[in-house]
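Trainee: Return atomic coordinates for the entry below.
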Amino acid sequence: MGTGMCSRRQKGLLQTGFCLLAVACLGSGAFLYHHLQQKVRSAEALAQKYKQQQEALSAQLQVVYEHRSRLERSLQKERGEHKKTKEGKLTRVVEQQPANPPAQDSMNRYGALSSQHKILKNQHEDVKKQLIDLQLQHNSLKLEHRKTLETHSQKYAQLQQEKDSEVCWKKAEALREA
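Mentor: Numbers count the residues shown, from 1 in each chain. Presented below is the predicted three-dimensional model:
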C-alpha cells in the first residue's frame, strides 16, 4: 500500500469514527442547549420572584403611607381640639377667677389630652422610623433586583452569542463536509 491510500476497512473505520464524532458533537450541543435553557428559566423565575417581592414591599409601603396620613390627620384634629380646650379653659379661668378656683374636670381633660397627644406623637415617630426602614429596604431590594437582572441579561447575551457561534461553526463544518 502507498502512503496516501487507505484500505477499504480503514476507510470504513474512519467514516464510522467521523460519524461517531458528529453524533457526540450533536449530543453535547443538545445537552448544552438544554442546560442553557434551564439556566434561562431559573433566571426568569428568580426575576419574577424579585418582582413579586418588590410589589409586596410597594404594597406594604403604601399601607404605611396611608397609616401615616391617618395619624397625621388624627394628630392635627387632636391639636385643634387641644387648642380649643386650652382656650376654653383659659376663658373659664378668667371668667371664674374671682368666684372660685379652676374646675377639676378641665384639669383632668387637659391632662388626658396632653398624655394622648404624647402617645400619638410617639406613634407618629415610630411610623416615621418604620417608613424610613421600609424605604431603605425597598431601595436595597430594587438595587439588588437591578443587578441580578443585569447579570442575567449579560449571561443570556453571552449564552446566545455562544449558541450563535456554535451554530455558525456547525454550518461551516457541514459546508466543509459537503
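Trainee: alpha carbons only for contacts and neighbour counts from here, please
Mentor: OK.
Trainee: And for H34, the neighbour number?
Mentor: As a burial measure, H34 scores 12 neighbours (other CA atoms under 10 Å).
Trainee: what stretches of this protein score poorly on pLDDT?
Mentor: For the chain, residues meeting the criterion pLDDT under 70 lie at 1-6, 96-102, 178.
Trainee: any idea how far Q135 is from the spatially most central residue of the chain?
Mentor: Central residue of the chain (CA atoms, centre = their mean): Q54, 3.4 Å from the mean position. As for Q54, its distance to Q135 is 11 Å (criterion: CA to CA, to the nearest Å).
Trainee: Over to E162?
Mentor: Distance of E162 to Q135, given as CA to CA: 40 Å.
Trainee: what about the two, which has more around it?
Mentor: Neighbours were counted for E162 and for Q135 using other CA under 10 Å; Q135 has more, 15 against 12.
Trainee: Please, which helix or strand holds that one?
Mentor: Q135 belongs to helix 104-177 when assigned by DSSP states H and E.
Trainee: any idea how far that helix is from the chain center?
Mentor: The chain centre lies 4 Å from the centre of helix 104-177; the measure is CA atoms, centre = their mean, to the nearest Å.
Trainee: Same question for stretch 48-62.
Mentor: Using CA atoms, centre = their mean, the distance from the centre of stretch 48-62 to the centre of the chain it belongs to is 6 Å.
Trainee: Show me which positions of that stretch end up buried.
Mentor: Buried residues in stretch 48-62, counted by 16 or more other CA atoms under 10 Å: Y50, Q53, Q54, L57, L61.
Trainee: Need the residues you listed in CSV (columns: secondary structure and distance to R73).
Mentor: Converted to CSV, the buried residues of stretch 48-62 look like this (DSSP: H, G, I helix; E, B strand; the rest coil; distance: CA to CA, whole Å):
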residue, secondary structure, distance to R73
Y50, helix, 34
Q53, helix, 30
Q54, helix, 28
L57, helix, 24
L61, helix, 18
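Trainee: Name the nearest of those residues relative to A22.
Mentor: Taking CA to CA as the measure, A22 lies nearest Y50 of those, at 41.7 Å.
Trainee: distance between stretch 75-92 and the chain's centre?
Mentor: Put simply, stretch 75-92 sits 46 Å off its chain's centre (CA atoms, centre = their mean).
Trainee: Which of the residues in it are classified as buried?
Mentor: Buried residues in stretch 75-92, defined by neighbour count with 16+ other CA under 10 Å: L75, E78, H82, T85, K86, K89.
Trainee: okay but the first one is in contact with L120, surely?
Mentor: What that stands for is L75. Yes. Counting by CA atoms under 8 Å, L120 is a contact partner of L75 at 6.8 Å.
Trainee: ok so, going back, okay, the buried residues of stretch 48-62 in JSON lines with distance to E150 next?
Mentor: Putting these into JSON lines (distance: CA to CA, whole Å) gives the following:
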{"residue": "Y50", "distance to E150": "13"}
{"residue": "Q53", "distance to E150": "18"}
{"residue": "Q54", "distance to E150": "17"}
{"residue": "L57", "distance to E150": "21"}
{"residue": "L61", "distance to E150": "25"}
